[in-house]
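Peer 1: Have a look; sequence and predicted model below, questions after that.
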Amino acid sequence: MTRDVESIAGASESGDDWRRYFSFSTDHKVIGVQYMVMTFIFFLIGGLLAMIIRAELLTPESNLVDRPLYNGLFTMHGTIMIFLWIIPFNAGLSNYLVPLMIGARDMAFPLLNAISFWILPPAGILLLSSFLLPNGPAQAGWWSYPPVSLQAPPGQIINGEFIWIVSLVLIGISSIMGAVNFVTTIFWMRAPGMTFFRMPVFVWSVFSAQILQLVNLPSLTGAFILLLFDLAFGTQFFKPLDSGDPIIYQHLFWFYSHPAVYIMALPAFGIIAEVLPAFSRNPLFGYRSLAIASLGIAFVSIFVWVHHMFTSATPGWMRMFFMGTSMLVAIPTGVKAFGWTATVWKGKLHLESPMLFALGGAAMFIFGGVTGVMLAAVPFDIHVNNTYFVVGHFHYIVFNTITMAIFAAIYYWFPKITGRMYAEGWGKLHFWLTFIGANVTFFSMHPLGLQGMLRRVSSYDPQYQGWNVIASLGSFLLGVSTLPFIANIVGSWLYGPLAVNNPWHATGLEWTTSSPPPRDNFEEIPIVNRPPYDYGDPKYSVVEHPHQHESEEHRE
C-alpha cells in the first residue's frame, strides 16, 4: 500500500522525505520547491553560457568560439534566463506562498498545478538537446525575428529553430495553465476575513502578473505557432519575399514580451515589499497605494509594446503614443519606489541577508528605471537602438533587480520552506560578491552603448575593449558568487540549525504555521481580522483562529 501523502508531507524529519520532490505531487508546497530547484539548475546553465559569451568578448577578435555557435549561445542564454529561470521561478515561489498567505489549503486546481510544472522539465531538456544537432541550436536570438529565424538549412525540418519554437510553445502552455490557477486561487480561495485589502502586497503582485499572463501570453504562443508553420510547412505569414509581413510577428511578440518584463518584475516588487517591513520593523508605507500600483503597472504595460519597435518603420503618431505610455509606467513604479523608501525611513534596520538583497535590488531598480525612461524617449531610443546601452538597462532590471529580489526571497522564506536556518556569514558574502559583480558587469555596458557598440556581435572595434574587459571580469565574479550560495543553501538544508516558526518576527499568515508547514497548511482555517504589516505593536495580531472567539456554529 502506498505511503499516505499527508504523513510524507507533514514529517520533514523522516529519512525519505526528500522523495516527494521527485514525485507527481499535487501539494502546492512540493510543486513550489520543484519549480524553484529545477529553475535554479537552468539558471546555472544560462549563467555558464553568459560567461562563455563574456570570455569571447574579452578580445576584439572572435577567437574563442565560431560565430554560429556564439549566436546560439546568446540565443539560448536569453531564452533560458527568461523562460526557464525568472518566470517559472516566480511561479514556484508563488505556488509555495500564495495559498499560505491567503489562508487556503492548496491551489484551486491541484492536478492542473502539477501538470503545469511537469510540462517544463521535458521542454527544457528538449531546448538544450538542440546543442546536439549538426547545425547547433537556434541562432536568431530569444526574440527570434523573421526572416532570420526562417533561414533553415534546405530540406531540414528538424533544426535548432524548430526545437526552440516547440519548447517555447510548451513553456507558454504551462504558463497559461498556471495563470488560470493563480487567478482563480486568489479570487476564490481566500480565508474568511481576507478581503482584497488585507492581502499581502506579494499576493497583489502575483495576481497582477498572472492577469498579464492570461491577457498577453496567448499572442506570443500564437506567433510561435505561425512561425513554426512558416518554418516547417511552407506557409507565408512572416516571409517578406512571399507577401508575408515580419513586422506583424514583432507586434505579436512584443505584445507579450514587454509586459513579460513586468510579469517578472511584479513578484520581485512584492518580495521587496514583504522583506523591507520585516527587517526595518516599520509598517509598510502606503499599503493600499502599493497594492493598486501593481494593478496600475499591469494595466499600463499592456499598451507599451511598440516601445521596442521605434526603428521598425512605425508611423510618427504610433511613436508618440507609445512613448507616452512607456513613460507613464514610471508613475506606478515610482509609487513602489517611494513606498519602499518611506518604509525603511527611520526604521530599526536589521541588515541580514534578505534585507541586503532587497535593499540592493531596490537601489539598482532606481537606476534601471531612470535608463528605462531614457529609452522611452523616441530620439534617445533611436540613437542607442541595438546597442549595449539597451543590454545594460535590461540586465539592471532582470538581474540587478529581479534576481536580487529572488535571492532575498530565498533567504527570507528559507526557514519556512526547509525548517532550518542558513549561515548568515555565507549569505552576506554572497550578497557582496553579487552586488559588486552585477554593477561592474552591467554598468559597463551603458558607456559602451553610448559610444556605439552594437549588441549580438562576437567581434568589435578595439576602441571598445576596455569596457568589455571590465564587464567580462564582473561577469566572472558573478559566476563565483553563486558558489557560496550553493554551499550555504545545500549545507543548511541538510545540516543547518532548526528554525522556529517565525524567526524574523514577521506578520502574515505563512508565519503562523509550522516550519515547514503541514500538508494542509493550517490545523484550522484562520479568520483574518486585521490589516497586514503592522510592526508597531507586537500584540497587534494579523490573524485569529476560529476557536479563539467564534462559536462552533459560526465555524461551520
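Peer 2: Received, thanks. Numbers count the residues shown, from 1 in each chain.

Peer 1: Go through stretch 29-40 and flag the buried ones.
Peer 2: 29, 30, 31, 32, 33, 34, 35, 36, 38, 39, 40 (16 or more other Cβ atoms under 10 Å). For glycine as for every other residue, the C-beta is placed from the backbone atoms N, C-alpha and C.

Peer 1: Report the distance from it to the chain centre.
Peer 2: 13 Å (Cα atoms, centre = their mean, to the nearest Å).

Peer 1: What average pLDDT does it get?
Peer 2: For stretch 29-40, mean pLDDT rounds to 97.

Peer 1: Please list the residues outside that stretch that contact it.
Peer 2: For stretch 29-40, the surrounding residues in contact (Cβ atoms under 8 Å, 6 or more residues apart in numbering) are 9, 20-21, 23, 25, 84-85, 88-89, 91-97, 113-114, 117, 120-121, 124, 410, 417, 516-517.

Peer 1: Need the buried ones from these selected in ChimeraX.
Peer 2: Of these, the buried ones go into a single ChimeraX selection, burial set by 16+ other Cβ under 10 Å:
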select :9,20,25,84,85,88,89,91,92,93,94,95,96,97,113,114,117,120,124,410,417,516,517
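
Peer 1: Next step: the contacts of stretch 29-40 restricted to helices.
Peer 2: Residues of the contacts of stretch 29-40 located in helices (DSSP state H): 9, 88-89, 91-97, 113-114, 117, 120-121, 124, 410, 417.

Peer 1: how far away is residue 272 from residue 504?
Peer 2: 15 Å (Cβ to Cβ, to the nearest Å).

Peer 1: So which of those two has more stuff around it?
Peer 2: Using other Cβ atoms under 10 Å as the criterion, residue 272 and residue 504 rank with residue 272 on top: 30 against 19.

Peer 1: Run a quick neighbour tally on residue 269.
Peer 2: As a measure of burial, residue 269 has 32 neighbours, counting by other Cβ under 10 Å.

Peer 1: I figured it hits residue 337, correct?
Peer 2: No: the criterion here is Cβ atoms under 8 Å, and residue 269 misses it with residue 337 at 9.3 Å.

Peer 1: State the pLDDT value of the residue lying closest to residue 322 once chain neighbours are set aside.
Peer 2: Once flanking residues are discounted, residue 322 sits nearest to residue 306: 4.0 Å by Cβ to Cβ, 6 or more residues apart in numbering. Note on residue 306: pLDDT of 94.

Peer 1: Likewise for the one 3 residues further on?
Peer 2: Per-residue pLDDT puts residue 309 at 94.

Peer 1: Provide the backbone phi and psi angles at it.
Peer 2: phi -130, psi 20 (degrees, to the nearest 10).

Peer 1: okay, now it: neighbour count?
Peer 2: Neighbour tally, residue 309, other Cβ under 10 Å: 18.

Peer 1: Leaving out the residues flanking it, which one is nearest to it?
Peer 2: Nearest to residue 309 is residue 250, by Cβ to Cβ, 6+ apart, at 5.6 Å.

Peer 1: quick one: low-confidence ranges for the protein?
Peer 2: The chain contains residues with pLDDT under 70 at 1-16, 154-155, 534-556.

Peer 1: Walking through it, point out its strands one by one.
Peer 2: 527-528, 543-544 (DSSP state E).

Peer 1: The spatially most central residue of the chain: what's it in contact with?
Peer 2: Nearest residue to the geometric centre of the chain (Cα atoms, centre = their mean): residue 86, 3.0 Å. Residues counted as contacts of residue 86 (Cβ under 8 Å, 6+ apart) are 264, 398, 402, 403, 406.

Peer 1: separation between it and residue 427?
Peer 2: 21 Å.

Peer 1: what's the answer for residue 72, then?
Peer 2: Distance from residue 72 to residue 427, by Cβ to Cβ: 35 Å.

Peer 1: Helices of the stretch 51-200 of the chain, residue ranges please.
Peer 2: 67-81, 87-102, 110-118, 120-129, 160-188 (DSSP state H, counting those that start in this stretch).

Peer 1: most packed of those helices?
Peer 2: helix 87-102 (a mean of 26; mean count of other Cβ atoms under 10 Å).

Peer 1: Against which helices or strands is that one packed?
Peer 2: For helix 87-102, the elements it packs on are helix 28-56, helix 110-118, helix 160-188, helix 201-233, helix 259-280, helix 404-418, judged by 3 or more Cβ pairs under 8 Å, 6 or more residues apart in numbering; DSSP states H and E.

Peer 1: what sits against the closest residue in space to residue 202 that isn't next to it in sequence?
Peer 2: Once flanking residues are discounted, residue 202 sits nearest to residue 270: 3.5 Å by Cβ to Cβ, 6+ apart. Neighbouring residues of residue 270 by Cβ under 8 Å, 6+ apart: 200, 201, 202, 203, 204, 205, 206, 294.

Peer 1: Tally up the residues packed near the closest residue to residue 480 other than its chain neighbours, please.
Peer 2: Nearest residue to residue 480 in three dimensions, chain neighbours excluded: residue 433, at 6.4 Å (Cβ to Cβ, 6+ apart). Using other Cβ under 10 Å, residue 433 has 19 other residues around it.

Peer 1: now residue 433: how far from residue 357?
Peer 2: Taking Cβ to Cβ, one finds residue 433 at 12 Å from residue 357.

Peer 1: swap in residue 60?
Peer 2: Residue 60 is 35 Å from residue 357, by Cβ to Cβ.

Peer 1: who does the nearest residue to residue 194 once chain neighbours are set aside bridge with?
Peer 2: For residue 194, ignoring the flanking residues on the chain, the nearest one in space by Cβ to Cβ, 6+ apart is residue 528 at 4.5 Å. On the basis of DSSP bridges, residue 528 is bridged to residue 543.

Peer 1: What is the burial count for residue 528?
Peer 2: 21.

Peer 1: wait, isn't it in contact with residue 192?
Peer 2: Yes: if you go by Cβ under 8 Å, residue 528 and residue 192 touch, sitting 7.1 Å apart.

Peer 1: so what's in contact with those two at the same time?
Peer 2: Shared contacts of residue 528 and residue 192, counting by Cβ under 8 Å, 6+ apart, come down to residue 103.

Peer 1: Can you get me a residue count around residue 241?
Peer 2: Residue 241: 7 neighbours (other Cβ under 10 Å).

Peer 1: could you list every residue that touches the residue lying closest to it once chain neighbours are set aside?
Peer 2: Take residue 241 and drop its neighbours on the chain: the residue closest to it by Cβ to Cβ, 6+ apart is residue 147, 7.8 Å away. The neighbours of residue 147, taking Cβ under 8 Å, 6+ apart as the test, are 238, 239, 240, 241, 246.

Peer 1: can you rerun that using 7 Å?
Peer 2: 239, 240, 246 (Cβ atoms under 7 Å, 6 or more residues apart in numbering).

Peer 1: Of the contacts of residue 86, select the buried ones using a PyMOL command.
Peer 2: The following PyMOL line selects those of the contacts of residue 86 that are buried, judged by 16+ other Cβ under 10 Å:
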select buried, resi 264+398+402+403+406
